[in-house]
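In: This is the structure alone, sequence omitted:
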């Protein structure tokens, strides 16, 4: 089964903020970072259930899963939910940011 990918406005804004932050420091790396992140998100079209639940999932009325992008200090958590045939990207956040809270998402 193939899924479609949809970004919430919040996730789009977070992705753009990180991209601009990287671009200000390493312009050449920024475009590559964004392309690689988007490719990683696109991998969710085939089997999004293979990714584990996010630690904060139990606080929400829907399952929130996480896809990890990169390693160590530069790791990002891509938080998403599955709604029918759609993978909804909820947040793109650095691993060191606080966990999601109920007020962070329009669920």
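Out: Good, I have the coordinates. Source: prediction; values computed, not measured. Residues are numbered from 1 along each chain as shown.
In: Next up, the contacts around the residue nearest to the spatial centre of the chain.
Out: The central residue of the chain, meaning the one whose C-alpha is nearest the mean C-alpha position (Cα atoms, centre = their mean), is residue 78 at 2.1 Å. With contact set as Cβ atoms under 8 Å, 6 or more residues apart in numbering, residue 78 has these partners: 37, 40, 41, 66, 67, 68, 69, 89, 91, 92. Yep, even glycine has a C-beta here, placed from its N, CA and C like the rest.
In: ChimeraX command for the buried members of those?
Out: With 16 or more other Cβ atoms under 10 Å as the criterion, this ChimeraX line picks the buried residues out of the contacts of residue 78:
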select :37,41,66,67,69,89,91,92
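In: Any chance of a markdown table for the contacts of residue 78, columns distance to residue 9?
Out: Below are the contacts of residue 78 laid out as a markdown table (distance: Cβ to Cβ, whole Å):
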| residue | distance to residue 9 |
| --- | --- |
| 37 | 17 |
| 40 | 20 |
| 41 | 16 |
| 66 | 20 |
| 67 | 19 |
| 68 | 23 |
| 69 | 20 |
| 89 | 11 |
| 91 | 11 |
| 92 | 12 |
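In: Is it possible to get CSV of the contacts of residue 78 that adds pLDDT?
Out: Converted to CSV, the contacts of residue 78 look like this (pLDDT from 0 to 100):
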residue, pLDDT
37, 96
40, 96
41, 97
66, 96
67, 97
68, 96
69, 95
89, 97
91, 94
92, 94
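In: Of the contacts of residue 78, which is the nearest to residue 55?
Out: residue 66 (8.1 Å; Cβ to Cβ).
In: how about that closest one, what does it touch?
Out: Here residue 66 is in contact with 51, 52, 53, 54, 77, 78, 79, 80 (Cβ under 8 Å, 6+ apart).
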